[in-house]
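Student: Fold the following.
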Amino acid sequence: LGNLSELLHLNVIGCNLTGQASLPSSLGNLQKLRIFEAFENGRLSERRGGCPPAWLPNRSQCVPGYVAQEDGTKAVWRCPVHGWNIRFDDLTLPWWRWQAI
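Tutor: Now for the predicted structure:
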């Protein structure tokens with residue numbers, strides 16, 4: 001992906017990114033990138049409704065997605081075990097080299 005030097009918008013919404021390796025360092029070469037969207041990572045599944053399964057680690061920390069909390073629709077659950085667990089202040093992450101954002 002780092003060779004896409006003209007890329008302006010990177011959308012990784014709902015891709016279930018799980019760690020630092022989810023964004024390879026080559027993405028730091030995207031010097032024209034203006035928009036980076038990466039929310040809704042960590043959702044349990046596309047299946048709405050029902051609670052997360054009992055075998056899921058840290059199940060008690062799962063929460064319904066914000067849409068369900070706001071308008072009462074059935075939840076897409078968000079659970080820590082599926083989340084994008086990174087430190088945003090880690091200077092090795094590619095977005096620190098994006099200068100157009």
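
Student: tell me which element the residue positioned nearest the centre of the chain is part of?
Tutor: Geometric centre of the chain, nearest residue: Asn41, 3.1 Å, by CA atoms, centre = their mean. For Asn41, there is no host helix or strand (DSSP states H and E).

Student: Strands of the chain, start to end?
Tutor: 9-11, 35-37, 63-64, 77-78 (DSSP state E).

Student: Could you look over those and pick the most buried one?
Tutor: Mean neighbour count (mean count of other CB atoms under 10 Å) peaks for strand 77-78 among the strands of the chain, with a mean of 22. In this view, the C-beta of every residue, glycine as well, is placed from N, C-alpha and C.

Student: could you say what helices and strands that strand packs with?
Tutor: strand 63-64 (3 or more CB pairs under 8 Å, 6 or more residues apart in numbering; DSSP states H and E).

Student: Touching the strand it packs on from outside, list them.
Tutor: Residues external to strand 63-64 that are found in contact with it (CB atoms under 8 Å, 6 or more residues apart in numbering): 75-78.

Student: Turn those residues into TSV, including distance to Pro64 and pLDDT.
Tutor: Listed next are these as TSV, based on distance: CB to CB, whole Å; pLDDT from 0 to 100:
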residue	distance to Pro64	pLDDT
Ala75	3	72
Val76	8	76
Trp77	6	79
Arg78	7	78
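
Student: Run through this protein and note the low-pLDDT ranges.
Tutor: Across the chain, the ranges flagged by pLDDT under 70 are 1-2, 42-50, 67-69, 72.

Student: how about the residue lying closest to the residue nearest to the centre of the chain once chain neighbours are set aside, what does it touch?
Tutor: Closest residue in space to Asn41, ignoring its immediate chain neighbours: Trp84 at 4.1 Å, by CB to CB, 6 or more residues apart in numbering. With contacts defined as CB under 8 Å, 6+ apart, Trp84 is in contact with 16-19, 22, 38, 41-42.

Student: For those residues, which PyMOL command selects only the ones that are buried?
Tutor: Entered in PyMOL, the line below selects the buried ones among the contacts of Trp84, by 16 or more other CB atoms under 10 Å:
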select buried, resi 17+22+38+41+42
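
Student: you'd agree the residue nearest to the centre of the chain is up against Leu23?
Tutor: No - counting by CB atoms under 8 Å, Asn41 stays clear of Leu23, with 11.0 Å between them.
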